[in-house]
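Novice: Here is my input, please return the structure:
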Amino acid sequence: MNQPEMPKKQPYTISLEAGNYWWCSCGRSRNQPFCDGSHEGTDFTPVELVLTEKTTVSLCGCKRTSNPPYCDGTHEALDNDRE
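Specialist: Next comes the predicted model:
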């Protein structure tokens with residue numbers, strides 16, 4: 001499988017209302033960190049995030065986490081200058 005694009009090396013730490021969200025796994029979305037359908041034609045599929053209450057989450061920006069959609073610190077070992 002190809003590597004996803006890396007729109008941001010650091011996580012997206014955001015406050016979200018309860019609801020269902022789709023995290024972009026391909027890195028191509030223009031609505032980061034959420035899916036906008038840009039994965040069409042790739043091997044990537046978005047990951048559903050279901051929140052039952054308002055909460056602050058850290059969603060992976062480098063797209064290489066082993067715990068999608070959440071940041072697991074993988075970005076700290078990457079050689080990339082993006083902020």
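
Novice: give me every residue that touches Val47.
Specialist: 22-23, 25, 68-69 (C-beta atoms under 8 Å, 6 or more residues apart in numbering). C-beta here means a position set from N, CA and C on the backbone, and glycine is covered the same way.

Novice: Bridge partners for it, pull those for me.
Specialist: In this entry, Val47 is beta-bridged to Trp23, by DSSP bridges.

Novice: picking that back up, can the contacts of Val47 go into TSV with extra columns for pLDDT, neighbour count and distance to His39?
Specialist: Shown next, in TSV, are the contacts of Val47 (pLDDT from 0 to 100; neighbours: other C-beta atoms under 10 Å; distance: C-beta to C-beta, whole Å):
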residue	pLDDT	neighbour count	distance to His39
Trp22	98	18	10
Trp23	98	22	11
Ser25	98	22	7
Pro68	98	16	13
Pro69	98	23	14
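
Novice: Identify, from these, the entry nearest to Thr45.
Specialist: Ser25 (6.5 Å; C-beta to C-beta).

Novice: which residues does Asn13 bridge with?
Specialist: Check again: residue 13 is Thr, not Asn. Here Thr13 sits in beta bridges with Ser58, as judged by DSSP bridges.

Novice: Distance of it relative to Glu48?
Specialist: Distance of Thr13 to Glu48, given as C-beta to C-beta, to the nearest Å: 20 Å.
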